[in-house]
Each structure stands twice: as structure tokens, then as C-alpha cells.
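[1] I would like to see how this sequence folds:
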Amino acid sequence: MTSEQALRRMRQRIFDYPEHKQEQADRVLRYIKARFLRARGQCAQPVGPYSGLTRAELRKTGTCETDWY
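    Numbering: from 1, shown residues only. Sure thing, here's the model as predicted:
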């Protein structure tokens, strides 16, 4: 199961858990959310057609995409 599917399932069922399991469900939900956000951050970011750099890399160099043309 992917992080996105697990996160969706936990959010749908979070209020169905008994009182004594709510704290555990909250911890699991926070873990799954962090895992989902980490995986989403690792996705390939678009690069510029001229430089081949991402926006973050261009920002570090202090240039813009048209400077590379």
C-alpha cells in the first residue's frame, strides 16, 4: 500500500477507533503523513529547457533560465 492510500484510509477511519486506540492512531497518522510528504518531495522536479537545472538550483546559482540561453 502506498503512503497516499494509507493516509487516505487513516483519515477516513480516524474517528472509528475506540478511545483507548485514538492516541496510537494519531501517532500512526502523523508517521504516514510524514512518509507521504517525504516521498512527494523526492519526486522529479521539472528542469529548465536551457540549463537543465531545477528552480531551487537556479536560485542557488543566482541565475534565471534565460541566462543559460
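[2] rest of the way, CA atoms for contacts and neighbours
    Noted.
[3] now the helices for this protein?
    Along the chain, counting by DSSP state H, helices occupy 3-13, 22-41, 55-61.
[4] Which stretch among those approaches residue 49 most closely?
    Across the helices of the chain, the minimum distance to residue 49, taken as Cα to Cα, is reached by helix 55-61, at 11.7 Å.
[5] Go through the closest one and flag the buried ones.
    Buried positions in helix 55-61, judged by neighbour count with 16 or more other Cα atoms under 10 Å: 55, 58.
[6] wouldn't residue 33 be in contact with residue 8 here?
    No. The criterion here is Cα atoms under 8 Å, and residue 33 misses it with residue 8 at 9.8 Å.
[7] of the two, who's got more company?
    Using other Cα atoms under 10 Å as the criterion, residue 33 and residue 8 rank with residue 33 on top: 18 against 13.
[8] Grab the nearest non-local neighbour of that one.
    residue 7 (6.4 Å; Cα to Cα, 6 or more residues apart in numbering).
[9] so what's that neighbour up against?
    Applying Cα atoms under 8 Å, 6 or more residues apart in numbering to residue 7 gives the contacts 29, 32, 33, 36.
[10] do you know how far it is from residue 34?
    Computed with Cα to Cα, to the nearest Å, the distance linking residue 7 and residue 34 is 10 Å.
[11] What of residue 51?
    32 Å.
[12] which stretches of the chain aren't confidently modelled?
    Low-confidence segments of the chain, defined by pLDDT under 70, are located at 1, 42-44.
[13] what residue is smack in the middle of it?
    residue 37 (2.5 Å; Cα atoms, centre = their mean).
[14] What is the neighbour count of residue 40?
    Counted with other Cα under 10 Å, residues neighbouring residue 40 total 12.
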